[in-house]
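*Asks:* Output the structure for:
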Amino acid sequence: MVDADQTFVIVGGGLAGAKAAETLRAEGFNGRVILICDERDHPYERPPLSKGYLLGKEERDSVFVHEPAWYAQNDVELHLGQTVDAIDRTARTVRFGDDGTLVHYDKLLLVTGAEPRRLDIPGTDLVGVHHLRRLAHSERLKQVLAALGRDNGHLVIAGAGWIGLEIAAAAREYGAEVTVVEPEQTALHGVLGPELGEIFAELHRERGVRFHFGARLTEITGHDGLVLAALTDDGEEHPAHDVLAAIGAAPRTGLAEAAGLEIADRAHGGGIAVDEHLRTSDPDIYAAGDVAAFPHPLFGTRLRVEHWANALNGGPAAARAMLGRGTTYDRVPYFFSDQYDVGLEYSGWAPPGTYDQVVIRGDASKREFIAFWVKERRVLAGMNVNVWDVTDPIQQLIRTGVQVDTEALADPHVPLDSLVP
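*Replies:* Residues are numbered from 1 along each chain as shown. So this is what the prediction gives:
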C-alpha cells in the first residue's frame, strides 16, 4: 500500500530519473518525491549531445526533459549539483556527499547512469583530450569542432562505435580533418558485426574521414599542455590537435556495490542486477536506465541497455513497480542514429556470434535498406536505414519469434506486416 506519508527517492537526474518522477505524479502518488542530480543542469536528454545540439541545429533549452518550473509545480524536490555517497539499507537512508545530510526513503530508485571509459595511456591529461557524456562536454566539444574546422585542424577519435561515428560526422560538417582509430577490422563491429559495419565506414570515407582499423592508441603526445599527435600500437603517428575517447561507457555501480546490492557479471554488462520488475536484490530498491541489467525474456539473457529508449521507458516502468503496479519489463531494445544524410533505427539485440545470417531488404549500396539479423529463421534484430515507418513490424517479428521465409523477408514487394502472425 502506497500512501501520502511515504518518501520515494530517485538518485540520478537523467532522462530515466526525470521520467520516473513524472510517472509517480501521473499515477497519483501523493507522497514525497526527491530527485537528486549530481549535475547543476536540470535533467536533460543525451541524444542531442552528439547530434542536433552539437551541430548547432537545436537550442540548448530543447534538450531538457521538463521546463525548470515543472519540478516545483509537481512538488518534486529537485537537488541539483548534489551527490549521494552512501545508502544505509537497514535505516533506509541515503547520505549526501557534500554535507552528510541523511534522507529517509521508503522506496529508492537508482538511475545513476554510466561514465565514459577512459583511455589508459600517457597523454590523457593534455587539454585537447575529450569525452562526451554530459551537456558540458557537448558544449565544449562544439567549440572545439568549430575551431578545428576554422583552422583546418585534426581530430583523432578512439573508437568506431555510434558515438565515435556521430562525432566524426559532426566534425566533418564543421570542416575538421578526422581520423578514427579502431581495434576491430571495421566500424560498429560490436553492434552490427562485420557484414554491416563496412557500409558505414564507407559512408564516412566518402565524406573524408580516415580510418585506421586493427590498431589502438598507445600515447598522446603534446607540447605545453596541447595535443600534437596520437600514436598507435602498430607504430603509426597521426597528427592531432584534439583527441576524443569514444571507447564505450561503464555503469556507475559504486553506490550500489558499497550498499551490498547484487551486481551483474561483466558478461552481462556489469550493471546493477534487477528482476523483471526492475527491483534489485533489496526489495525496497529499484534500478533503471543505463545502470540496470535486467533479464530479457525474448533473448533469454540479462541485458544492460545504454540507449535513450531504455531510459525513456525504464524510468516509468520502475516508478510503476515502486507503486506496486509493475509488469514485466520486456521492451525490445531500440536506438536511432543520424550521420550526414543517413538516418537509421535499430531494434533488437544480435551481437556477433548470436545470429547465423544477415538478410538485406532493399539496396544497401544506396543506403536505403532494412537489415535483419536472423537465427534459425527467427529475426533477432532489424535495422532500417533511410526507410521509415517500419519499426512496429520489425519489433513484432522479433517479439513473436516466428520463423520466416528469408526470401520473403528480403523481398521489398512483400509487406513486412504479412510476415507477422
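*Asks:* how about the spatially closest residue to Asp5 that is not a sequence neighbour, what does it touch?
*Replies:* Among residues not flanking Asp5 along the chain, Gly31 sits closest, at 6.6 Å (CB to CB, 6 or more residues apart in numbering). For the C-beta atoms, the positions are set from N, CA and C on the backbone; glycine is no exception. Gly31 makes contact with 2-8, 106, according to CB atoms under 8 Å, 6 or more residues apart in numbering.
*Asks:* I'd say Arg25 and Asn74 touch.
*Replies:* Yes - under the criterion of CB atoms under 8 Å, Arg25 makes contact with Asn74 at 4.9 Å.
*Asks:* Quick one: distance of the particular helix or strand that has Leu78 in it to the chain centre.
*Replies:* Using DSSP states H and E, Leu78 maps to strand 76-80. Strand 76-80 has its C-alpha centroid displaced from the chain centroid by 24 Å (CA atoms, centre = their mean, to the nearest Å).
*Asks:* Now do that strand, average pLDDT.
*Replies:* In this model, strand 76-80 has a mean pLDDT of 98.
*Asks:* Give the buried residues for the next helix or strand after it.
*Replies:* Moving toward the C-terminus from strand 76-80, the first helix or strand encountered (DSSP H and E) is strand 84-88. Across strand 84-88, burial judged by 16 or more other CB atoms under 10 Å covers 84, 87.
*Asks:* Likewise for stretch 204-215?
*Replies:* Neighbour counts over stretch 204-215 (16+ other CB under 10 Å) mark 204, 207, 209, 211-213, 215 as buried.
*Asks:* which of those sit farthest apart?
*Replies:* Arg207 and Ala215 (21.2 Å; CB to CB).
*Asks:* if I look at the residue nearest to His307 when sequence neighbours are not counted, how far off is Gly153?
*Replies:* Leaving aside its chain neighbours, His307 sits nearest to Phe335 (3.8 Å; criterion: CB to CB, 6+ apart). Distance, Phe335 to Gly153, by CB to CB, to the nearest Å: 30 Å.
*Asks:* now do Arg25
*Replies:* On the measure of CB to CB, Arg25 and Gly153 end up 47 Å apart.
*Asks:* Equivalent analysis for Ala321, please.
*Replies:* 49 Å.
*Asks:* can you check Val209 too?
*Replies:* Val209 sits 15 Å away from Gly153, taking CB to CB as the criterion.
*Asks:* again, but for Val178
*Replies:* 10 Å.
*Asks:* higher neighbour count, the two?
*Replies:* Using other CB atoms under 10 Å as the criterion, Val178 and Gly153 rank with Val178 on top: 25 against 21.
*Asks:* Okay, and the beta partners of that one?
*Replies:* Leu155 (DSSP bridges).
*Asks:* In contact with it: list those residues for me.
*Replies:* Val178 sits next to 154-157, 168, 171-172, 204, 208-210 when contact means CB under 8 Å, 6+ apart.
*Asks:* hmm, which two among those are most spread apart?
*Replies:* His154 and His204, at 15.3 Å, using CB to CB across these.
*Asks:* so the nearest residue to Leu416 once chain neighbours are set aside is in which element?
*Replies:* In this structure, Leu416 finds its nearest non-sequential neighbour in Pro393, 3.9 Å apart by CB to CB, 6+ apart. If you go by DSSP H and E, Pro393 is part of helix 391-400.
*Asks:* Now do stretch 78-91: distance from first to last residue.
*Replies:* Terminal residues of stretch 78-91 lie 22 Å apart, using CA to CA, to the nearest Å.
*Asks:* low-confidence ranges in this protein?
*Replies:* 1-2 (pLDDT under 70).
*Asks:* in it, which spans are helices?
*Replies:* With helices called from DSSP state H, the chain shows them at 15-26, 47-50, 69-73, 135-151, 162-174, 189-206, 254-258, 308-322, 391-400, 406-410.
*Asks:* so which of those gets nearest Leu298?
*Replies:* Across those, closest to Leu298 is helix 391-400 (CB to CB), at 6.4 Å.
*Asks:* what packs against that closest one?
*Replies:* In terms of contacts (3 or more CB pairs under 8 Å, 6 or more residues apart in numbering; DSSP states H and E), helix 391-400 is packed against strand 342-348, strand 368-375, strand 378-385.
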